[in-house]
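Asks: sequence and predicted model, in that order:
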Amino acid sequence: METVGVNLLQAILLGLCACLSSVPGMGGTVFGNYTLGRPLVAGLVVGLIMGDITTGIIIGAAIQVVYIALVTPGGTVSADVRAISYIGIPLAMVAIKGLGLDPASSEGQSMAIALGSMVGTLGTVLFYGTATVNLVWQHIGWKAVEKGKLRQLYIVDMVLPWISHLLCSFLPTVVITLLGSNMVDIIKNYLPMDGIAMKTLFTVGSLLPAVGVAILLKQVVSKPTDLLTFFFGFILAALMGVNLIGAAVIGGFFAVLFYHIKMLQLKKPAAVTADAEFEDDDEEDI
Amino acid sequence: MAEMTKKISKKTLAKSFRNWFYGHLTCFSQEHMQTFGYLCAMLPIVEELYDTPEEQQEALSTYTAFFNTEPQLGTVIVGVTAGLEEAKANGQNVDGEMINGIRAGLMGPVAGIGDSLVVGTLIPILLGIALGLSSGGSPLGAIFYIVVWNVLVTLGMRFLYYKGYELGGKAVEFIVGDQANAIRESVVMLGTIVIGAVAASWINVTTAFKMLNADGGTIIDLQATLDGICPKLLSAATVMLCWWLMSKRKISPTVVMLILVAISLVGVLVGFFDPGLSY
């Protein structure tokens, strides 16, 4: 069986990606969190770093479904992508290869999802850690505003938080990915595949993507009939064999129809006033 | 009305936009989420509009108030305040308190719309298509997402910033007006359909439960029976369970995940779930 692991250079590159890609990350939200941080993109990046793009993408794609809609209302996170993407994906790669699983099989994907999500919970700690260390820089920032040294704000906003990330993104990623390389032997020795622990782990991995989809549904479903829209898409793929691109085109067609109907309603004399209200659930994004 | 003698230069507007685009969340804390990003976006403008350090300091102090919204769509608010600050510097009837009132009033609604439109719809649609392109481990999907998302959102944010600056309060109509609302609802509909397809393509919950007769022959193969009713029925049921727990019982995603761990353990113990693996 081939031995796989993470070497120091790889760990450092992963750590750097973690700094860039977290929620208050140094890559900015557009290129950092919402690009580098997405597990699918991370699959490509980690695959490049680890020298196996195909496995990286397969694992990243599987984990992506769990975190397809990471909405962080009011600055609370259920998971922070830096740990999922740059600790979870590399460890999942190491584990799957070490255990001799086929990454494309449903077992390989369940393993990846279960491992990635477990590691992902660590991200919550890292997130609050970063935010707390940033308080120190913000304190310096307030002092600078008081003294009229306004230019210092740039350093406070864009340079000093690197220190927070060195502590809360870089170091944890490097240490955990390096140590995690030995994890496979431990799993093999103590947790047999047909034992209850591993069976549960694989089962959890198959159930978890449902949470990601449900988080999204919670966001977009405001009345029970909206669920019908969801099941329309579900049936397209499950029963009629339409792939995702096909579903996007069919969905786009219905969206255009819906838009025209809505606009026709609006053109009617302003008889209905209730339409003017739009629902706002006071959620704030960070 | 006073003459508009002070005008923010194109270069300064571009710098302000860049500072917001990159720095809105880099110095995040729970206490002041996007406040420092906002300060950095306004600093070039304040430096250009006001001559003395005292005036600059006074003007910037407006933006020390707490700020947090959905940062992509929220770019319009930064643009609006850039326009307001210009008006204020020209002695029009605008003061810092009024600017802050407008900012505080906008950040909630914009966050609500932005969360459902950007994070809840646009990103999942793009990722859904990307997942389809990346099946089998092809990098194509990831590259598609990187390019399309970055181009779309960069152009979109730039558009919002300058529209906000030019139109001021009227720009908000873009976001909360009737037409915008119709577009939003249509896009959400598209997103919901794609997500349904993503769920069917990527969630794979199966049962190993079989009822056997005395000779070991199968009487009931539950998975085969369920597939006969509708493929992926258990996957849909799992999504519905999670959705119900989260939206009707108000349980947090983390706790829902723990519930799934418990369900898995029990399911494995009674033989409902069995991945059927060995070394």
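Replies: Okay, I see it. Computed from a prediction, not measured in an experiment: that's the story for all the values here. Numbers count the residues shown, from 1 in each chain, chains lettered A, B, ... in the order given.
Asks: following the chain onward from the helix or strand containing residue B:113, which element is next?
Replies: Here residue B:113, judged by DSSP states H and E, is contained in helix B:96-114. Next along the chain after helix B:96-114, taking DSSP H and E as the criterion, comes helix B:123-133.
Asks: report the mean confidence score over that following helix.
Replies: For helix B:123-133, mean pLDDT is 92.
Asks: and for stretch B:9-22?
Replies: Stretch B:9-22 shows a mean pLDDT of 96.
Asks: about what we covered before: do the helix holding residue B:113 and chain A meet?
Replies: Yes - using CB under 8 Å from any CB of the partner chain, helix B:96-114 reaches chain A at B:107, B:108, B:109, B:111, B:112, B:113, B:114. In this view, the C-beta of every residue, glycine as well, is placed from N, C-alpha and C.
Asks: report the buried residues of the lowest-mean-pLDDT helix or strand in chain A.
Replies: Across the helices and strands of chain A, mean confidence by mean pLDDT, DSSP states H and E is lowest for helix A:183-190: a mean of 75. For helix A:183-190, the neighbour count (16 or more other CB atoms under 10 Å in any protein chain shown) marks A:183, A:184, A:187 as buried.
Asks: quick check: nearest residue in space to the residue in chain A positioned nearest to chain B, chain neighbours excluded?
Replies: Proximity of chain A to chain B (CB to the nearest CB) peaks at residue A:233, 2.4 Å away. Among residues not flanking residue A:233 along the chain, residue B:196 sits closest, at 2.4 Å (CB to CB, 6 or more residues apart in numbering or on different chains).
Asks: same deal with residue B:30?
Replies: Nearest non-adjacent residue to residue B:30 (CB to CB, 6+ apart): residue A:131, at 5.3 Å.
Asks: next, the angle from the helix or strand harbouring the one you found to helix A:183-190.
Replies: Per DSSP H and E, residue A:131 falls inside helix A:106-147. Here the directions of helix A:106-147 and helix A:183-190 differ by 130 degrees (axes from the mean of the first three to the mean of the last three CA atoms, to 10 degrees).
Asks: helices of the chain, start to end?
Replies: Because you didn't say which chain, this covers chain A. A:8-21, A:39-50, A:53-66, A:81-83, A:89-98, A:106-147, A:152-158, A:161-165, A:171-180, A:183-190, A:196-207, A:209-220, A:224-238, A:244-267 (DSSP state H).
Asks: actually it's chain B I care about, not the one you picked
Replies: Assigned by DSSP H, the helices in chain B fall at B:10-23, B:35-49, B:53-60, B:75-89, B:96-114, B:123-133, B:140-167, B:171-176, B:178-202, B:222-229, B:233-243, B:253-269.
Asks: give me the below-cutoff pLDDT ranges for the chain.
Replies: If you meant another chain, say so; for now it's chain A. A:1-4, A:69-79, A:269-286 (pLDDT under 70).
Asks: wrong one, chain B
Replies: Short version for chain B, where the test is pLDDT under 70: B:1-4, B:169, B:172-174, B:276-279.
Asks: centroid residue for it?
Replies: Note on chain B: the residue nearest the mean C-alpha position is residue B:119, at 2.3 Å, using CA atoms, centre = their mean.
Asks: quick one: that one and chain A, what's the gap?
Replies: Distance of residue B:119 to chain A, given as CB to the nearest CB, to the nearest Å: 5 Å.
Asks: so that residue makes contact with residue B:71?
Replies: No - applying CB atoms under 8 Å, one finds residue B:119 not in contact with residue B:71, separated by 10.3 Å.
Asks: neighbours of the residue in the stretch 101-250 of chain B that chain A sits nearest to, just the number please.
Replies: Residue of the stretch 101-250 of chain B nearest chain A, by CB to the nearest CB: residue B:196 (2.4 Å). The number of residues packed near residue B:196 is 29, by other CB atoms under 10 Å in any protein chain shown.
Asks: repeat that for residue B:274.
Replies: So residue B:274, with other CB under 10 Å, has 17 neighbours.
Asks: ok, for it, nearest residue in space, not its chain neighbours?
Replies: Leaving out its chain neighbours, the residue that sits closest to residue B:274 by CB to CB, 6+ apart is residue B:208, at 3.7 Å.
Asks: which residues does residue A:30 contact?
Replies: The contact partners of residue A:30, by CB atoms under 8 Å, 6 or more residues apart in numbering or on different chains, come to B:21, B:72, B:149, B:150, B:153, B:154, B:157.
Asks: what's across from residue B:220 in the sheet?
Replies: Beta bridges link residue B:220 to residue B:211 when assigned by DSSP bridges.
Asks: is it true that it touches residue B:213?
Replies: No - between residue B:220 and residue B:213 there is no contact under CB under 8 Å: 9.9 Å.
Asks: looking at these two, which is more packed in?
Replies: Neighbour tally, residue B:220 and residue B:213, criterion other CB under 10 Å: the higher count belongs to residue B:220, 12 against 9.
Asks: is it true that residue B:7 touches residue B:87?
Replies: No - counting by CB under 8 Å, residue B:7 does not reach residue B:87; the two are 11.0 Å apart.
Asks: and the two? Which one has more around it.
Replies: For residue B:7 and residue B:87, the more surrounded residue by other CB under 10 Å is residue B:87, and the numbers stand at 18 against 12.
Asks: for the closest residue to the more buried one other than its chain neighbours, give its distance to chain A.
Replies: Excluding its sequence neighbours, the residue lying closest to residue B:87 (CB to CB, 6+ apart) is residue B:94, at 4.8 Å. Relative to chain A, residue B:94 is positioned 21 Å away (CB to the nearest CB).
Asks: how about residue B:94, what does it touch?
Replies: Contacts of residue B:94 (CB under 8 Å, 6+ apart): B:84, B:87, B:88.
Asks: contacting residues for the first one?
Replies: This means residue B:84. Listed by CB under 8 Å, 6+ apart, the contact partners of residue B:84 are B:94, B:98, B:99, B:102, B:168.
Asks: 10 Å - rerun?
Replies: Residue B:84 makes contacts with B:62, B:92, B:94-96, B:98-99, B:102-103, B:164-165, B:168-169, as judged by CB atoms under 10 Å, 6 or more residues apart in numbering or on different chains.
Asks: what does the last one give?
Replies: Shown in contact with residue B:88 (CB under 10 Å, 6+ apart): B:6, B:49, B:50, B:59, B:62, B:81, B:94, B:95, B:96, B:98, B:99.
Asks: domain-wise, how is the chain divided?
Replies: Using chain A. According to automatic domain parsing, chain A is divided into the following domains: A:8-210, A:222-269.
Asks: could you do chain B instead?
Replies: Taken from automatic domain parsing, chain B resolves into B:10-197, B:203-269.
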